[in-house]
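**Student:** how would this look folded up:
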Amino acid sequence: MAVVNEVEPNNSVGAAQAIASLPATVNGSIGSNTDDDYFKLSIAAGKKLNVALTVASSSSGFGLGVYLTATQPLGQILASPGQTVTFTIGNSGATAVTVALRVSRSSGGTGAYKLNLAP
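**Tutor:** Modelled structure (predicted):
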């Protein structure tokens, strides 16, 4: 499994940090109430992506969003402090699709997180 460290600036869909191979674990940090971290990756035709976002502190609640483009969100889950967010994204199409994942603070404090990505 690849281990990827989050690198700023990655605060928008256009500046999203690329995740080149799966499975991967991203080690990141939300540094302020206005910090958002975006990651882009491809989901092969007919495949799924399993995502799990875990925060390091029980006093931090982070959200996870999925975007096709900057103006086309597919969904978002906001978590309470200490809660892990998990979901699966499926690509039922005939070609690969690129998505952007957004990690943001939804409640509580800022801090570190792990984003686990697996086919």
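
**Student:** only C-alpha atoms from now on, for both contacts and neighbour counts.
**Tutor:** Fine.

**Student:** now the strands for the chain?
**Tutor:** Listed in chain order, the strands of the chain (DSSP state E) span 2-5, 17-18, 24-30, 36-43, 48-55, 60-69, 72-78, 85-90, 97-108, 111-118.

**Student:** and the contacts of the shortest one?
**Tutor:** Counting contacts by C-alpha atoms under 8 Å, 6 or more residues apart in numbering, the residues outside strand 17-18 that touch it are 6-7, 10, 38-41.

**Student:** cool, the longest one as well?
**Tutor:** When contacts are taken as C-alpha under 8 Å, 6+ apart, the neighbours of strand 97-108 outside the stretch itself are 13, 16, 30, 33-45, 59-69, 78-81, 91.

**Student:** mind redoing it with 6 Å?
**Tutor:** Residues outside strand 97-108 that contact it (C-alpha atoms under 6 Å, 6 or more residues apart in numbering) are 36-43, 59-68, 78, 81.

**Student:** can you list the strands that that strand pairs with?
**Tutor:** strand 36-43 (antiparallel), strand 60-69 (antiparallel) (DSSP bridges).

**Student:** now that strand: average pLDDT?
**Tutor:** If you average the pLDDT over strand 97-108, you get 95.

**Student:** which stretch in the strands paired with strand 97-108 has the least confidence?
**Tutor:** Mean pLDDT across the strands paired with strand 97-108 is lowest at strand 60-69; the value there is a mean of 93.

**Student:** that one vs strand 48-55, what angle?
**Tutor:** Between strand 60-69 and strand 48-55, the angle comes out at 150 degrees (axes from the mean of the first three to the mean of the last three C-alpha atoms, to 10 degrees).
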